[in-house]
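**Q** My questions are about this predicted structure, shown below with the sequence.
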Amino acid sequence: MMAFIPVLIVVGVIFAWSLNTKYTLYAIARMLGQLLLVGYFLTAIFETNSSIVIIAILAIMVFSSSWIALGTVKVQRKKLYVRALCSIALGGFISLLFVTQGVLHLSPWYSPQYIVPLAGMIFASSMNSVSLAAERLYAELERGVLYQEAKRIAFQASLIPVVNSLLAVGLVSIPGMMTGQILSDVPPLIAARYQIMVMCMVFGAAGISAACFLVLARTKGH
């Protein structure tokens, strides 16, 4: 309950400034419900030995993140969904494959306690980059900017959050995964190596997904 005090302050500001309070409250309530539910589900998922279950979970992540990513372009949301889906799937699965098989050498490949959390971080990064790319691309096109220039601007904008995180890590903040490992008595240098892996995978997923979407999003007349 104490953690919700800063949240209530922000909600109060949103209400005072006559912004969309309902949407904010909905997002907060949805976050709370989703995390409580996922806590129960993960307990069961981590005990499964079925690759089919893990594949289904990954599919849900990809389909959901692709739809959410297009929230900034509601006019063409349905039309662009397949393109966003292909982009997030490509960028996400490339990063997931390299990390799980090239770095961690998971056996079996679908080890739930590794695959599910890593996939969550990867697809979230891809989702955010595609969302920013889509919003900026169509904003620039509406301003009359040519597609090639709009694509460059949108791609640069899509990478701002992940690039900022690369610049800030270790200086401004110690990321969650590294903090959790240190609190679990893992040597800091080992924790740092895992965090480097995480930062590389989210940057790669974000960049590949955004680039693919911007290429696929080109329409006739642009």
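**A** Noted; the coordinates are in hand. Residues are numbered from 1 along each chain as shown.
**Q** Show me how the chain divides into domains.
**A** Segmentation of the chain into domains, based on automatic domain parsing, reads 1-45, 50-216.
**Q** Compute the first-to-last residue distance for the last one.
**A** Read that as domain 50-216. End-to-end distance for domain 50-216, by CA to CA, to the nearest Å: 34 Å.
**Q** hang on, the earlier thing: which of the domains of the chain sits most buried?
**A** domain 50-216 (a mean of 18; mean count of other CB atoms under 10 Å). Backbone N, C-alpha and C define where each C-beta goes, glycine included.
**Q** After the longest helix seen in the chain, heading C-terminal, what element do we hit next?
**A** The helix that spans the most residues within the chain, counting by DSSP state H, is helix 112-142. Counting by DSSP states H and E, the next helix or strand C-terminal to helix 112-142 is helix 147-158.
**Q** how near is P188 to L171?
**A** 15 Å (CB to CB, to the nearest Å).
**Q** Helices along the protein, start to end?
**A** 4-16, 21-45, 51-69, 77-97, 112-142, 147-158, 160-168, 176-183, 188-216.
**Q** Make JSON lines out of those helices and add mean pLDDT.
**A** Below are the helices of the chain laid out as JSON lines (pLDDT from 0 to 100):
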{"stretch": "helix 4-16", "mean pLDDT": "92"}
{"stretch": "helix 21-45", "mean pLDDT": "89"}
{"stretch": "helix 51-69", "mean pLDDT": "92"}
{"stretch": "helix 77-97", "mean pLDDT": "92"}
{"stretch": "helix 112-142", "mean pLDDT": "92"}
{"stretch": "helix 147-158", "mean pLDDT": "93"}
{"stretch": "helix 160-168", "mean pLDDT": "88"}
{"stretch": "helix 176-183", "mean pLDDT": "78"}
{"stretch": "helix 188-216", "mean pLDDT": "91"}
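**Q** how much space between F213 and V73?
**A** Remark: distance between F213 and V73 (CB to CB) = 11 Å.
**Q** got any residues that touch both of these two?
**A** A134 (CB atoms under 8 Å, 6 or more residues apart in numbering).
**Q** for the residue nearest the centre of the chain, what are its contacts?
**A** Nearest to the mean C-alpha position of the chain, by CA atoms, centre = their mean, lies A124 at 1.4 Å. For A124, the contacting residues are S65, by CB under 8 Å, 6+ apart.
**Q** change it to 10 Å
**A** Contacts here follow CB atoms under 10 Å, 6 or more residues apart in numbering; on that basis A124 touches M61, S65, I68, G92, V202, A205, A206.
**Q** Provide a list of residues in contact with the first one.
**A** The reference is to M61. I88, A89, G92, V116, A119, G120, I122, F123, A124, S126, M127.
**Q** From I60, how far out is the first one?
**A** Shown here: I88 relative to I60, a distance of 13 Å by CB to CB.
**Q** any shared contact partners between those two?
**A** Common neighbours of I88 and I60 (CB under 10 Å, 6+ apart) are F123.
**Q** Residues touching stretch 154-161, excluding its own?
**A** 125, 128-141, 145, 147, 163, 166, 202-203, 206-207, 209-211, 213-215, 217.
**Q** what about 6 Å?
**A** S129, L132, A133, R136, L137, A210, L214 (CB atoms under 6 Å, 6 or more residues apart in numbering).
**Q** hang on, the earlier thing: of the helices of the chain, which approaches H105 most closely?
**A** Ranking the helices of the chain by proximity to H105 (CB to CB) places helix 112-142 first, at 10.6 Å.
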